[in-house]
Structures are given as structure tokens and as C-alpha cells.
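A.B. asks: need a structure here:
(one chain, ligands or ions: 1)
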Amino acid sequence: MIKRFNRIRFSKLNKKLKMKKKELEKFFNRLEELLEVNGCNGRDLTNAEIILDEMNIPKEEQIEFLENCRKSGGFCDCEIFLNSEEYLREIYNN
Ligand SMILES: [Zn+2]
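C.D. replies: Numbering: from 1, shown residues only. As a prediction, this is how the structure comes out:
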């Protein structure tokens with residue numbers, strides 16, 4: 001119970017922590033590479049999740065980032081480039 005409460009508190013405190021512009025660029029470059037190797041499964045953001053883990057992005061930030069992908073029409077990895085790229089660049093511009 002206490003653990004749960006702390007986690008919610010923690011996520012609220014970190015609401016303003018976002019990925020940096022530089023990290024976003026790294027993400028796009030890596031996603032391009034992984035899409036060439038793994039391809040897109042057309043279902044979910046598997047490659048994106050692999051990259052965020054690789055980059056040691058905190059879980060809360062990962063969830064937020066993936067939500068932002070879906071919100072802008074990126075429901076699978078290749079759709080991030082097709083639909084979300086511009087939107088993500090606008091959000092993660094610091
Ligand atoms: Zn796709």
C-alpha cells in the first residue's frame with residue numbers, strides 16, 4: 001500500500017521530466033536501424049520499447065513517451081515515422 005502510494009507520488013513529481021531533444025534524435029536513429037533489422041510487426045511499439053530500455057529512460061518517461069506516440073497515430077514502430085515524428089519533435093524540443 002505504501003509502495004503504491006510512493007509510486008504515484010513519484011510519477012507526479014516527475015511529470016515535468018521529459019526526454020531531451022538529443023535523446024529523441026538518438027531514438028529516431030536507433031529506430032531506423034532496428035526497423036531495418038527487425039522490421040515492424042504492425043501491431044505495437046516493440047522496437048521503440050527496446051530502444052527506450054537501451055537508453056535507460058526511466059519507466060515513467062517511457063510510458064509517457066509511448067502514449068505520446070499513440071496519441072499522434074503511432075500504433076506500431078513504422079507509424080512513429082509516418083505519423084508521430086513531427087508531434088514528438090514539438091513536444092521534446094528542449
Ligand atoms: Zn508498422
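A.B. asks: which of the residues in stretch 39-51 are buried?
C.D. replies: Burial within stretch 39-51, assessed by neighbour count using 16 or more other C-beta atoms under 10 Å, is assigned to 40, 45, 47-48, 51. Every residue, glycine included, has its C-beta placed from N, CA and C.
A.B. asks: quick check, nearest of those residues to residue 82?
C.D. replies: Here the nearest of those to residue 82, counting by C-beta to C-beta, is residue 40; it sits at 10.2 Å.
A.B. asks: give me the three-state assignment for that closest one.
C.D. replies: coil (DSSP: H, G, I helix; E, B strand; the rest coil).
A.B. asks: which parts of the protein are helices?
C.D. replies: In the chain, the segments counted as helices under DSSP state H are 2-13, 21-38, 46-54, 59-71, 77-79, 85-91.
A.B. asks: show me what from the protein comes close to the ion.
C.D. replies: With C-beta under 5 Å from the ion as the criterion, the chain meets the ion at residues 40, 42, 76, 78.
A.B. asks: from these, which two are the most distant?
C.D. replies: With C-beta to C-beta as the measure, no two of these lie farther apart than 42 and 78, at 7.8 Å.
A.B. asks: end-to-end on stretch 37-53?
C.D. replies: The first and last residues of stretch 37-53 sit 18 Å apart, counting by C-alpha to C-alpha, to the nearest Å.
A.B. asks: and the gap between the most centrally placed residue in the chain and the ion?
C.D. replies: Centroid-nearest residue in the chain, with C-alpha atoms, centre = their mean: residue 65, separated by 3.5 Å. To the ion, residue 65 is 17 Å away according to C-beta to the ion, to the nearest Å.
A.B. asks: burial check on the closest residue in space to residue 53 that isn't next to it in sequence, number of neighbours?
C.D. replies: Nearest-residue entry for residue 53: residue 62, 7.7 Å, with adjacent residues in sequence omitted and distances by C-beta to C-beta, 6 or more residues apart in numbering. For residue 62, the tally of surrounding residues (other C-beta atoms under 10 Å) stands at 18.
A.B. asks: that concludes my questions; thank you for your assistance.
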